[in-house]
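Student: prediction below, plus the sequence it came from.
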Amino acid sequence: MAHVSSGMTRRGFIITTAAAGGGLILGWSSAATGRVNKDPSLSPTPKAGGVEIDHWVTIDPSGFVTVVQPHAEMGQGAFTSVAMMLNEELHADWNMIRVQYAEFNRHINNKDPRHPDAEGLWVTMSSGGSNVVKRRHPHIMQAGASVRERLKEAAAQAWGVARDQVTTKDSILSSGNNRATYAEFASAAAQITLAEEPGYKSPDEWTFLGTDVARVDIPLKVNGDAMYAADVRLPGMVYAAVVNNPVQWGGKPTYDASGILDRPGVIAVIEMSLPGDVEREEGKMNRGFHDMAMKNSLAVVADSYYRAKTALELIPISWDYGPDANVSNASLYAQATAKLCDHGGRDRGNEGDALGVIAGAPSSSVITADYTRPYESHLRPEPIVHVALLKDGRYDAWIGAQHPPRVAVQVADQLGMENKDIHMHRTFLAGGFSSSSGTYIARQAAEIARQLNGTPVQVRYSREEDTMHGTLRTLGAIRLTAALGSDGLPTALTSVVASDGSQSIANQFNSYNIPNRHYVSHNLEGHIATTSHRNPTGGFGGFSNEQFVDEMALAGDWDPLEWRIHMSKDHDDWQLVLNTLKDKAGFRTDLPKGTGMGVAIVESHGTLCGMCATVSVTRRGAVRVEKVLTILDPGHVIDPMVGVEQAEGSIVWGISHSLMGGIEVLNGRVVNNNFDKMPILRIGDMPELETHYALSRGDKWGGLGEPAVAPVQPAIANAIFFATGKRVRTGPMMQHDLSWS
């Protein structure tokens, strides 16, 4: 299957996507009414008269089936994929299915007897690592099968037949001349306890999964009904703007707020402080999982966010910047590169005698290259927002967090409450990428709500604060060294990584048949809070590893794509993807000067992604990505169209970070903290995208939300080399002189 993007007007896009939603309607509470209930104060509950057969499924008298979904919908299509997986087993009429968020408080205070060791009633609310399909499909599909069999058993008992004589299709139960809707037997099915829970289908038995299904959330996002945390409005709600110490984990502020207290709408000024000392440990700052601790900060509360932010900007503030005030990208890179000669770091894999082979090889057969990557911001469309209300011993929050239980732990700790008194109301999330777990704002929101004592408050970061204090992807440096044999192929390879987060990125080489390998890593002493990026290790290491593959291939007089095919011949899935890439891309290294094609392949999140990028570079060095062709192998795909959408979004993300991204740290702080200082890909620069699947199937299950990020940067860098003869080993690429003559 392939997808090629084509031109479409904005009006045409809106009309097409609005019409593509079918009969599925997403709701926060009364989902079965046929409209989205936009009152965020309501918890998810079924329509009056609806019957909950299982905590995953409610069926109302009119036949609408409400599927309860515990995972964040952050643009990756979780609302659609969860409903599809469950309905592959349930066999309900897809046009009668509605989707709503699972209720957080019920989740954490109950267990599913089928999964007694799980996090909560719906097993887990975690959304990340491209895991919603990859790791969650067994229990989701099994829940659908369980509801189906209970409906069949209820009908069988009423009709006096064996359960296996009852069939299900499109919400209809049938046996001989007997026929009834699911709704007619919903109450009876809710009382059924099966002697043994059913299994679920294998992919070769699918009849619904594997087909293109329009995402259920898109119409709501087009017409404006989709609710994000920033959209929440509660009676009497006030707004808080926050400023943190510009140097992360710096000291407290000295300020004079007297001049803003009489400004219209201003309600309060609240100072928040980091508890205790932040201790340094070997190679890291001990901050309690980076983003979970309260930061030294100041908030202004007002009757509108504009008034709160404006007043906050007028307060004279002097910060104690602390010991990290002189840190910069330059000092961090110096620290990183100083470690690249040390092969005694953390062992990340050792086979054969790579160090000995390289030491004994002729210098003419040894190649080495250093690569560096800056910090990267997630740049979510929606800066982090947390709506909070603390009243009568109960805490309510409206958030789009990727893992609400993790947020609740921080809130409970900050307020000295028990988890049972924490209620999280889920909203859409405008991009995830781990930073949106929201824990770095959760404590602040909880503390502000505590001081407001019964008044709901929307706590919002500005774009600048979100970029500066949302957790970033790590900065680092990598040295790769190889010895080549008489056939031009590597006989040994070493990798030394130094990063703020100690990324393990060398495993990418394990699928290449290099007999001697030695991989180590070192932590940097950095104060910037880091976490997973979209495709954390694959995206970080793909840039260096897959460029170095090209460097090894060309040094040995091999075509880069043929090198990859030859060196991975013992791995069937790699062969499938690479040979499909060869067939579809038409990769060449002899294009006219100024035009180049580059290939890369990275395995991450259980998925192989091969890519060929075509670029043009003007004589003055302006780069344009003309086309990106992608081959995906997640093993199985449940909604091919959504998988293509995820790949395309990943590619746009990757191009932005490749060419123009990179966080600059100077004087201990992030200085390019908004889009005027950190441009991203614009619509006029969008390349042609073509995506194909090459599915190895079997037991392989991979994710699709992240894998296409990783090969983008090395594919573009390799293409730039063939266009200009210049090798780009540091990002972002556009900071380099890429002119040619």
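Tutor: The structure has been received and is ready for your questions.

Student: since we're on residue 629, how many residues are nearby?
Tutor: 24 (other C-beta atoms under 10 Å). (Each C-beta comes from the backbone N, C-alpha and C, glycine too.)

Student: repeat that for residue 314.
Tutor: 11.

Student: in the stretch 451-600 of the chain, what spans have low per-residue confidence?
Tutor: 501-507, 536-539 (pLDDT under 70).

Student: likewise for the stretch 51-200 of the chain?
Tutor: For the stretch 51-200 of the chain (pLDDT under 70), the answer is none.

Student: at 90 what do you get?
Tutor: 72-78, 124-135 (pLDDT under 90).

Student: please, where are all the strands along it?
Tutor: Ranges of strands in the stretch 51-200 of the chain, per DSSP state E, counting those that start in this stretch, are 51-54, 57-59, 65-69, 97-101, 167-169, 172-175, 178-181.

Student: now those strands as a markdown table including mean neighbour count?
Tutor: Formatted as a markdown table, these follow (neighbours: other C-beta atoms under 10 Å):
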| stretch | mean neighbour count |
| --- | --- |
| strand 51-54 | 20 |
| strand 57-59 | 28 |
| strand 65-69 | 27 |
| strand 97-101 | 25 |
| strand 167-169 | 14 |
| strand 172-175 | 19 |
| strand 178-181 | 16 |
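
Student: wait, which of these is closest to residue 311?
Tutor: Closest approach to residue 311 among the strands of the stretch 51-200 of the chain (C-beta to C-beta): strand 97-101, 34.6 Å.

Student: helix or strand for residue 454, which one?
Tutor: Of the helices and strands defined by DSSP states H and E, none includes residue 454.

Student: which of the strands of the stretch 51-200 of the chain sits closest to residue 191?
Tutor: strand 51-54 (9.4 Å).

Student: so which elements touch that closest one?
Tutor: strand 57-59, helix 137-159, helix 182-190 (3 or more C-beta pairs under 8 Å, 6 or more residues apart in numbering; DSSP states H and E).

Student: neighbouring strands - and their directions - for that strand?
Tutor: strand 57-59 (antiparallel) (DSSP bridges).

Student: and the partner strand, how far out from the chain's middle?
Tutor: Centre-to-centre, strand 57-59 and its host chain are 29 Å apart (C-alpha atoms, centre = their mean, to the nearest Å).

Student: which residues does it contact?
Tutor: 32, 46-47, 50-53, 65-68, 86, 90, 143-144, 147, 182-183, 186 (C-beta atoms under 8 Å, 6 or more residues apart in numbering).

Student: can you give the domain ranges for the chain?
Tutor: 2-223, 229-322+382-469, 535-741 (automatic domain parsing).

Student: and of those, who's closest to residue 347?
Tutor: domain 229-322+382-469 (15.0 Å).

Student: can you give me the end-to-end distance of that closest one?
Tutor: 19 Å (C-alpha to C-alpha, to the nearest Å).

Student: before we move on, what about stretch 207-226?
Tutor: 30 Å.

Student: can you give me the buried ones in it?
Tutor: Buried positions in stretch 207-226, judged by neighbour count with 16 or more other C-beta atoms under 10 Å: 208-210, 213-222, 225-226.

Student: please, where are all the helices along the stretch 201-350 of the chain?
Tutor: 218-223, 305-314, 329-337 (DSSP state H, counting those that start in this stretch).

Student: for those helices, which one sits closest to residue 492?
Tutor: Proximity to residue 492 (C-beta to C-beta) singles out helix 329-337 among the helices of the stretch 201-350 of the chain, at 22.2 Å.

Student: could you give the mean pLDDT of that closest one?
Tutor: Mean pLDDT, computed over helix 329-337, is 94.

Student: equivalent analysis for stretch 616-630, please.
Tutor: Stretch 616-630 comes out at a mean pLDDT of 97.

Student: who's in contact with it?
Tutor: With C-beta under 8 Å, 6+ apart, stretch 616-630 has contacts from 581, 584-585, 594-596, 609-615, 647, 651, 655, 659, 685, 687-692, 708, 711-712, 715-716, 720, 723-724, 733-734, 736-741.

Student: measure it end to end?
Tutor: So stretch 616-630: terminal residues 18 Å apart, C-alpha to C-alpha.

Student: what residue ranges in the stretch 251-400 of the chain score low on pLDDT?
Tutor: Ranges of the stretch 251-400 of the chain meeting pLDDT under 90: 273-295, 344-349, 373, 376-384, 399-400.

Student: kindly recompute the last result at 80.
Tutor: 274-293 (pLDDT under 80).

Student: now, of the contacts of stretch 616-630, which are buried?
Tutor: 581, 584-585, 595-596, 609-615, 647, 651, 655, 659, 685, 687, 689-692, 708, 711-712, 715-716, 720, 723-724, 733-734, 736, 738.

Student: so which of these sit within helices?
Tutor: Counting by DSSP state H, the part of those found in helices is 581, 584-585, 647, 651, 655, 659, 712, 715-716, 720, 723-724.

Student: farthest pair in those?
Tutor: 647 and 724 (27.0 Å).

Student: could I get the full set of strands for the stretch 201-350 of the chain?
Tutor: 238-244, 253-255, 266-272, 279-281, 284-286, 297-302, 317-319, 346-351.

Student: neighbouring contacts of the third one?
Tutor: Taking C-beta under 8 Å, 6+ apart as the criterion, the residues outside strand 266-272 that touch it are 238, 240, 252-253, 257, 260-261, 294-303, 307-308, 311, 315, 443-444, 447-448, 451-452.

Student: PyMOL command to pick out the buried ones of those residues?
Tutor: PyMOL command restricting those to the buried ones, with burial defined by 16+ other C-beta under 10 Å:
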select buried, resi 238+240+252+253+257+260+294+295+296+297+298+299+300+301+302+307+308+311+315+443+444+447+448+452
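
Student: many thanks, have a good one.
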